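With the input below, show me the fold.
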Amino acid sequence: MSETLVLSVVIVVIALLFDFINGFHDAANSVATVVATRVLTPFRAVVWAAFFNFVAAFSFGTGVAKTVGAGMVDLSLITPYVILSGLVGAIAWDVLTWYWGLPTSSSHALFGGYAGAAIAAAGFKAIVLSGWTKTIIFIVIAPFLGMAVAYVLMIAIHWLFRDSTPKQMDVYFRRLQLASAAIFSYSHGANDAQKTMGIITGVLVTSGYLKSFEVPIWVILSAHAAIALGTMCGGWRIIRTMGTRLTRLKPRGGFCAETAAATSILFSTYLHMPVSTTHVISGAIAGVGSIQRAKAVRWRIATSILWAWIMTIPASAAVGWVTLHIVHFLAGK
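The predicted structure is shown next:
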C-alpha cells in the first residue's frame, strides 16, 4: 500500500472524526431551544435533530463543499499534509472550546486551521482572497439576518396572538417547535456536512484520485452519517449555555429562534456560502430575547461568546500552522 493511499485514508478518517465532533459540538445549536422550553427531553431532542441532519444529504447539492474545498485555498499549492494539519487545528480548537462550554464555530475553526496550514506550506499566495472575502461577509451577515428575522417573527406572533394568554400561546407553539427544530436541524446538516465533504474531496484531488473537484456519493453519505452520529452524542455543556444562560426562552421564542436561524442558513446554503450555524442560532436567540427588553439578554455571556468567535479563526490557524511544521519534521519533509 503506497504512502499516498495510507495518508489519504488517514486524512479521510480524521475528516469524518472532525465531522462527528462538529455534530457533537453543534448539537446545542439544534436542540438547545427545544430542550430549554421542555418540548422534548434531551435524548429525544438529539435523536430528532440527528435524523434531520442526515436526511438533508441530497437536498442542496455540493456548492458549499466546493467553496470550502477549492474556493478558499489554491489546491495547486496544497498537499495532503496541509489538509491533515488544518484538520488537527480545527479539532484542537473545537475540543478546547467544548471543554470551556463556549459555542464557537466548528466551521470557522476548520477555515482557520486549513488557512494556517496552507500559509505555512506556501505563504499567503495559497489563500484565495475572493473566497475569503465572500465568506467573511457572510460571517457578519448570517447572524444579524437570523437576529432580524427572529425579532420580526416575535413581533408578528405577539400581534397575531394579542388576544391569547401566554399559556394558550404555549399550547400551539410547543407543537410548532417540533417543526422548527426539525427544519433547523435540516439546515444544519445541509450546510455543515458539506464542509467536511469539501475537505475530503480536496484530499482526493490533491492525492490524484480525482481529476476534478466533484464530490462522490460515498463522501456525501459518510459526511452526513458522521455529523448525525455526533449530534446524537450531544454536547451538553454548550446546550446549557445556549439554552438557558443566554436568555430565557418560551416555546414561542424557541419557534422564532429556530425558524429565523434556519431561514438564514438555508439562504446562505442556496448561495453556496459556508456559514456558522452556531453564530446564526446565537443571533436568533438574542433577537428573541431583545424583543422583551435589552436586559432580557445576558450580554456578559453574549460578550464571552463574541470574543470566542473572534478568536476562533486566528487560534485554529495558529494550531494548523504549527501542526504542519511538526508533521513535516516527523515525516522528514
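
Next up, the contacts around Ala317.
Ala317 is in contact with 89, 112-113, 115-116, 119, counting by CB atoms under 8 Å, 6 or more residues apart in numbering. To be clear about C-beta, it is placed using only N, CA and C from the backbone, and glycine gets the same treatment.

Tell me the helix or strand right after the helix or strand harbouring Trp132.
Assigned by DSSP states H and E, Trp132 belongs to helix 129-160. Using DSSP H and E, the helix or strand that follows helix 129-160 towards the C-terminus is helix 166-206.

Pull the distance from whichever helix or strand comes after that following helix to the chain's centre.
Using DSSP H and E, the helix or strand that follows helix 166-206 in sequence is helix 217-233. Relative to the centre of its chain, helix 217-233 is centred 13 Å away, using CA atoms, centre = their mean, to the nearest Å.

One more: stretch 258-274?
For stretch 258-274, the distance to the chain centre is 11 Å (CA atoms, centre = their mean).

Alpha carbons of it, as CSV, please.
Below are the C-alpha coordinates for stretch 258-274, written out as CSV (Å, rounded to 0.1, in the frame of the first residue of the first chain):
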residue,chain,number,x,y,z
GLU,A,258,-35.1,28.1,15.2
THR,A,259,-37.2,29.3,12.2
ALA,A,260,-35.2,32.5,11.8
ALA,A,261,-31.9,30.7,12.1
ALA,A,262,-33.0,28.0,9.6
THR,A,263,-34.1,30.7,7.1
SER,A,264,-30.7,32.4,7.3
ILE,A,265,-28.7,29.2,7.0
LEU,A,266,-30.8,27.8,4.0
PHE,A,267,-30.5,31.2,2.3
SER,A,268,-26.7,31.0,2.7
THR,A,269,-26.6,27.4,1.6
TYR,A,270,-28.5,28.3,-1.5
LEU,A,271,-25.8,30.8,-2.3
HIS,A,272,-23.1,28.2,-1.7
MET,A,273,-21.8,30.0,1.3
PRO,A,274,-20.5,28.2,4.4
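
how about it: buried residues?
Neighbour counts using 16 or more other CB atoms under 10 Å place 258-269, 272-274 of stretch 258-274 among the buried residues.

Could you count how many residues lie near Val152?
14 (other CB atoms under 10 Å).

what do you get for the one 4 residues further on?
Close neighbours of Ala156, defined as other CB under 10 Å, add up to 11.

The closest residue in space to Leu176 that isn't next to it in sequence: helix or strand, and which one exactly?
Distances taken as CB to CB, 6 or more residues apart in numbering put Phe255 closest to Leu176, at 5.1 Å, once the chain neighbours are dropped. In this assignment (DSSP H and E), Phe255 forms part of helix 251-270.

how big is the angle separating that helix from helix 129-160?
150 degrees (axes from the mean of the first three to the mean of the last three CA atoms, to 10 degrees).

list the helices and strands helix 251-270 packs on?
Helix 251-270 sits against helix 3-36, helix 129-160, helix 166-206, helix 277-290, with contacts defined as 3 or more CB pairs under 8 Å, 6 or more residues apart in numbering; DSSP states H and E.

ok, back up a step: neighbour-wise, which of the contacts of Ala317 leads?
Busiest of the contacts of Ala317 [other CB under 10 Å] is Gly113, holding 34 neighbours.

What distance do you get for that residue to Phe329?
18 Å (CB to CB, to the nearest Å).

What of Val128?
Val128 is 27 Å from Phe329, by CB to CB.

Run a quick neighbour tally on Lys167.
Lys167, neighbours per other CB under 10 Å, totals 7.

so where's this protein uncertain?
1, 27-30, 32-33, 37, 102-103, 234-249, 292-306, 308, 332-333 (pLDDT under 70).

got the angle for the helix holding Trp132 vs helix 277-290?
Using the same axes, to 10 degrees: helix 129-160 against helix 277-290 is 30 degrees.

Summarise which helices and strands helix 129-160 is packed against.
Using 3+ CB pairs under 8 Å, 6+ apart: helix 129-160 touches helix 63-70, helix 106-122, helix 251-270, helix 277-290.

between the ones you listed, which one is nearest to Gly23?
The closest of the helices and strands packed on helix 129-160 to Gly23 is helix 106-122. By CB to CB, the value is 8.8 Å.

Could the C-alpha coordinates of that closest one be exported in CSV?
What follows is helix 106-122, C-alpha atoms only, in CSV (Å, rounded to 0.1, in the frame of the first residue of the first chain):
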residue,chain,number,x,y,z
SER,A,106,-16.6,24.5,14.1
SER,A,107,-16.9,25.9,10.6
HIS,A,108,-14.6,28.8,11.3
ALA,A,109,-12.2,26.5,13.2
LEU,A,110,-12.0,24.5,10.0
PHE,A,111,-11.4,27.6,7.9
GLY,A,112,-8.7,28.9,10.2
GLY,A,113,-6.9,25.6,10.6
TYR,A,114,-6.9,25.0,6.8
ALA,A,115,-5.7,28.5,6.1
GLY,A,116,-3.0,28.4,8.7
ALA,A,117,-1.6,25.2,7.4
ALA,A,118,-1.8,26.5,3.8
ILE,A,119,0.1,29.6,4.7
ALA,A,120,2.8,27.5,6.5
ALA,A,121,3.2,25.5,3.3
ALA,A,122,3.2,28.1,0.6
